[in-house]
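*Asks:* no sequence on hand, only this structure:
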């Protein structure tokens, strides 16, 4: 059940477990990814203090095609981390749900896809249409 | 740290010390962020859209002090949740004590600078002068 904690970066890359390990890995990767965006986002909001011209000129960074693609990753990261985190919180708050862990994960995956796929589709269609 | 679970999460660390409180805080702030962060992302990036956001959008929002309070709460919860998560990652991957101290110190300084910068602009931004 328990994972060794002395993992190191090299074995972090390699796949070492079942589907549960994939969930753990995705939770950490999306968490750190969203944190990196949060840091960038605080810096850009701080630049409001330099006035309207400076701020609006820098917005091209977020409107570039590669930035719009990154936005879909951000959507993926926040949505997955939120849903997987909610499952972890539910299991911690109601220990009986441990018996149904696989079913909870199945519900989580279905909910995640039901929210992420349509929103991502509209986002991508929006920026491809807007760029054309 | 506490025992890592194969399907995500950790078992609550024993006792009533800092790690046990941190474990509980991750769940508490997680629930708060489910509201604050998820709404913020879907509202700004999906309902409004990045193409329709500029300086004046922020002026409009921050004319209402409640939105400043919302953004400040989001800043505090997201940063504390995120940097505690980063601390867990550092403890997993940086094993040597000296190097761990250095990496943690850099992370804490970065976290302090970010919360200072964010709080500063939220509470000093003058919508009248804009």
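*Replies:* Yes, it's here. In this text, all values refer to a predicted model and were calculated from it rather than measured experimentally.

*Asks:* return the helix or strand in chain A with minimum mean pLDDT.
*Replies:* Across the helices and strands of chain A, the lowest-confidence element by mean pLDDT, DSSP states H and E is helix A:8-13, at a mean of 56.

*Asks:* poorly predicted segments of the chain, please.
*Replies:* Assuming you mean chain A. A:1-18, A:130-132 (pLDDT under 70).

*Asks:* let's do chain B instead
*Replies:* In chain B (pLDDT under 70), the answer is B:1-2, B:130.

*Asks:* all helices of it, in order?
*Replies:* B:18-42, B:55-62, B:65-93, B:97-124 (DSSP state H).

*Asks:* okay, these in JSON lines with distance to chain A and mean neighbour count next?
*Replies:* To be clear about C-beta, it is placed using only N, CA and C from the backbone, and glycine gets the same treatment. Formatted as JSON lines, those follow (distance: least, Cβ to the nearest Cβ, whole Å; neighbours: other Cβ atoms under 10 Å in any protein chain shown):
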{"stretch": "helix B:18-42", "distance to chain A": "5", "mean neighbour count": "16"}
{"stretch": "helix B:55-62", "distance to chain A": "4", "mean neighbour count": "16"}
{"stretch": "helix B:65-93", "distance to chain A": "4", "mean neighbour count": "17"}
{"stretch": "helix B:97-124", "distance to chain A": "4", "mean neighbour count": "14"}
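
*Asks:* can I get these in CSV with distance to residue A:80?
*Replies:* Formatted as CSV, the helices of chain B follow (distance: least, Cβ to Cβ, whole Å):
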stretch, distance to residue A:80
helix B:18-42, 11
helix B:55-62, 27
helix B:65-93, 14
helix B:97-124, 23
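
*Asks:* sec struct for residue A:71, please.
*Replies:* Here residue A:71 is recorded as helix under DSSP: H, G, I helix; E, B strand; the rest coil.

*Asks:* for stretch A:100-109, what is the distance to the chain centroid?
*Replies:* 19 Å (Cα atoms, centre = their mean, to the nearest Å).

*Asks:* I meant stretch A:111-130, not that one.
*Replies:* In terms of Cα atoms, centre = their mean, the centre of stretch A:111-130 is set 14 Å apart from its chain centre.

*Asks:* swap in stretch A:67-74?
*Replies:* Distance, centroid of stretch A:67-74 to centroid of chain: 10 Å (Cα atoms, centre = their mean).

*Asks:* repeat for stretch B:44-61
*Replies:* For stretch B:44-61, the distance to the chain centre is 21 Å (Cα atoms, centre = their mean).

*Asks:* first-to-last residue distance for that stretch?
*Replies:* One end of stretch B:44-61 sits 11 Å from the other (Cα to Cα, to the nearest Å).

*Asks:* contact partners of that stretch?
*Replies:* Contact partners of stretch B:44-61, identified using Cβ atoms under 8 Å, 6 or more residues apart in numbering or on different chains, comprise A:45, A:48, A:52, A:55-56, A:59, A:62-63, A:67-68, A:71, A:74-75, A:119, A:122-123, A:126-127, A:130, B:67, B:71, B:125, B:127, B:130.

*Asks:* now with 10 Å?
*Replies:* Counting contacts by Cβ atoms under 10 Å, 6 or more residues apart in numbering or on different chains, the residues outside stretch B:44-61 that touch it are A:45, A:47-48, A:51-56, A:59, A:62-63, A:67-68, A:71-72, A:74-75, A:78, A:119-120, A:122-123, A:126-127, A:130, B:39, B:42, B:67-68, B:70-71, B:121, B:125-130.

*Asks:* swap in stretch A:92-110?
*Replies:* Outside stretch A:92-110, the residues touching it (Cβ under 10 Å, 6+ apart) are A:19-20, A:23, A:80, A:83-84, A:86-88, A:90-91, B:5-12, B:23-24, B:26-27, B:31.

*Asks:* quick check on these: which are buried?
*Replies:* Burial by neighbour count, judged by 16 or more other Cβ atoms under 10 Å in any protein chain shown, picks out A:20, A:23, A:80, A:83-84, A:86-88, A:91, B:5-10, B:23, B:26-27 from those.
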